[in-house]
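**Q** build me a model:
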Amino acid sequence: MNAETMPMALRDSTYVDVASVPWQPTRFPGIDWKILMENKDTGMSTVLMRWAPGARLPQHEHVAVEQTFVLAGSFADHDGVCSAGNYVWRRPGSRHDAWTDEGCLMLAFFLKPNTFFD
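**A** Below you'll find the predicted structure:
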């Protein structure tokens, strides 16, 4: 059996054609995402997020470490601004809301889903 005929669940690597993954709206206006990897059992996920100018994510808690790399634009919270080419991570239990004035594109890594208070 070669890699082309092997069932996806048995392969060591899963390649994602990101351009073919559709943008999906989140429940937050102006914020869409492409889910690149998701483990529903653990809650771990990797997502590409697109924020329109002026979009805002309401107060939420990071249940586990969250990591974000900004590819374009910038977004902010009460601690500062993360701009294109930069990275921010947040500790478990941290709470904040986040926003963007100019819009942004980011790659985010979650070990567990956030808890929202809206």
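
**Q** contacting residues for the closest residue to P92 other than its chain neighbours?
**A** Once flanking residues are discounted, P92 sits nearest to A64: 5.1 Å by CB to CB, 6 or more residues apart in numbering. Every residue, glycine included, has its C-beta placed from N, CA and C. By CB atoms under 8 Å, 6 or more residues apart in numbering, A64 lies in contact with P92, F110, L111, K112.

**Q** who does the residue nearest in space to the middle of the chain form a beta bridge with?
**A** Relative to the mean C-alpha position of the chain, the nearest C-alpha, by CA atoms, centre = their mean, is the one of A108, at 3.2 Å. Counting by DSSP bridges, A108 is bridged to V47, T68.

**Q** which pLDDT value does the model give it?
**A** pLDDT for A108: 96.

**Q** that one contacts R50, correct?
**A** No. Between A108 and R50 there is no contact under CB atoms under 8 Å: 11.2 Å.

**Q** related to what we said a few turns ago, for the residue nearest to the centre of the chain, what are its contacts?
**A** Per CB under 8 Å, 6+ apart, neighbours of A108: T46, V47, L48, M49, E66, Q67, T68, F69.

**Q** what count of nearby residues applies to the nearest residue to N114 once chain neighbours are set aside?
**A** Nearest residue to N114, sequence neighbours excluded (CB to CB, 6+ apart): H60, at 4.4 Å. Number of residues near H60 (other CB atoms under 10 Å) recorded here: 18.
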